[in-house]
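Asks: here is my input; please provide its structure:
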Amino acid sequence: MNANELQIQGCSFQELAISYAPALSVGSAVNRLSRWIRESEGLVDDLTLVGWGPRSKQFTPMQVRIIIAYLGEP
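Replies: Numbering: from 1, shown residues only. I've put the predicted structure just below:
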């Protein structure tokens with residue numbers, strides 16, 4: 001299934017992090033997703049353009065689409 005076929009919804013940072021790393025603890029999954037976002041060239045810039053900030057706790061559907069475009073599906 002690709003990103004165009006997914007029913008993409010907004011979610012919390014923790015929910016998205018867990019979907020990318022279900023075998024990790026919540027804290028470790030959040031740290032990993034945070035690192036991936038910071039290290040993915042252009043991702044922070046694109047997220048910032050649609051209202052995301054480093055301390056944001058929620059992702060909008062648009063922000064989730066951007067993350068999937070950079071990191072792939074969870």
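Asks: what sits against the spatially most central residue of the chain?
Replies: Nearest to the mean C-alpha position of the chain, counting by CA atoms, centre = their mean, stands residue 67 at 4.7 Å. Taking CB atoms under 8 Å, 6 or more residues apart in numbering as the criterion, residue 67 is in contact with 16, 37, 43, 47, 59. Just so you know, the C-beta spots here come from the backbone N, C-alpha and C atoms, and that holds for glycine as well.
Asks: tell me where this protein has strands.
Replies: 11-12, 58-59 (DSSP state E).
Asks: mind listing what residue 40 touches?
Replies: With CB under 8 Å, 6+ apart, residue 40 has these contacts: 70-71.
Asks: which one's the longest helix in this protein?
Replies: Criterion DSSP state H: the longest helix present in the chain is helix 26-39.
Asks: relative to residue 41, how far out is the nearest residue to residue 9 once chain neighbours are set aside?
Replies: Of all residues not flanking residue 9 in the chain, residue 61 sits nearest, at 5.8 Å (CB to CB, 6 or more residues apart in numbering). Plainly put, residue 61 is 23 Å away from residue 41 if you go by CB to CB, to the nearest Å.
Asks: can you check residue 53 too?
Replies: Separation of residue 53 from residue 41 (CB to CB): 19 Å.
Asks: and what of residue 48?
Replies: According to CB to CB, residue 48 and residue 41 sit 14 Å apart.
Asks: cool, residue 67 as well?
Replies: Counting by CB to CB, the gap from residue 67 to residue 41 is 14 Å.
Asks: again, but for residue 25
Replies: According to CB to CB, residue 25 stands 28 Å off from residue 41.
Asks: just for the chain, where's the confidence low?
Replies: Applying pLDDT under 70 to the chain flags the ranges 1-7.
Asks: now the helices for this protein?
Replies: Using DSSP H, the helices of the chain run over residues 13-20, 26-39, 43-49, 61-71.
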